[in-house]
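Visitor: dropping the sequence and predicted coords here.
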Amino acid sequence: MNTLKKFELMEKIVRELEDLQNSKQALIQKIAKIEVDNIELGDSRLEKDLPEIHQNLADNLETISGILDYFAGKTQNFGDKNNIDSLKEQEAINNATG
């Protein structure tokens, strides 16, 4: 795999991790809303299980955030080290000249 393709794949993974992080945040917000709604309802099963689900999601979100920070930094360093901007410019020139 050439350097530019590797960088593009790394960027794709960063975007996917960001999407995963956003999805987890949305799930946490939904669980919290259900927990609040259940305060009025008082269902014992929801009272018992929702806090554990909330905590598990929060733990997973923390892990995903750590992985995202690590991999985004790694991607940026790879791009800087390999002068990706120049490689993109060269590829554009090559594509334009056929």
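Guide: Looks like it came in fine. None of the values given here were measured: they were computed from a predicted structure. Numbers count the residues shown, from 1 in each chain.
Visitor: which other residues reach the least confident helix or strand in the chain by mean pLDDT?
Guide: Lowest on mean pLDDT, DSSP states H and E among the helices and strands of the chain sits helix 84-97, with a mean of 88. Under the contact criterion CB atoms under 8 Å, 6 or more residues apart in numbering, helix 84-97 has outside partners Thr3, Leu4, Phe7, Phe78, Gly79. Every residue, glycine included, has its C-beta placed from N, CA and C.
Visitor: are any of these buried, and if so which?
Guide: With burial judged by 16 or more other CB atoms under 10 Å, the buried subset of those is Phe7, Gly79.
Visitor: how close does Asp19 get to Asn94?
Guide: Computed as CB to CB, to the nearest Å, the Asp19 to Asn94 distance reads 31 Å.
Visitor: got it, and Asp43?
Guide: In this structure, Asp43 and Asn94 are 63 Å apart, going by CB to CB.
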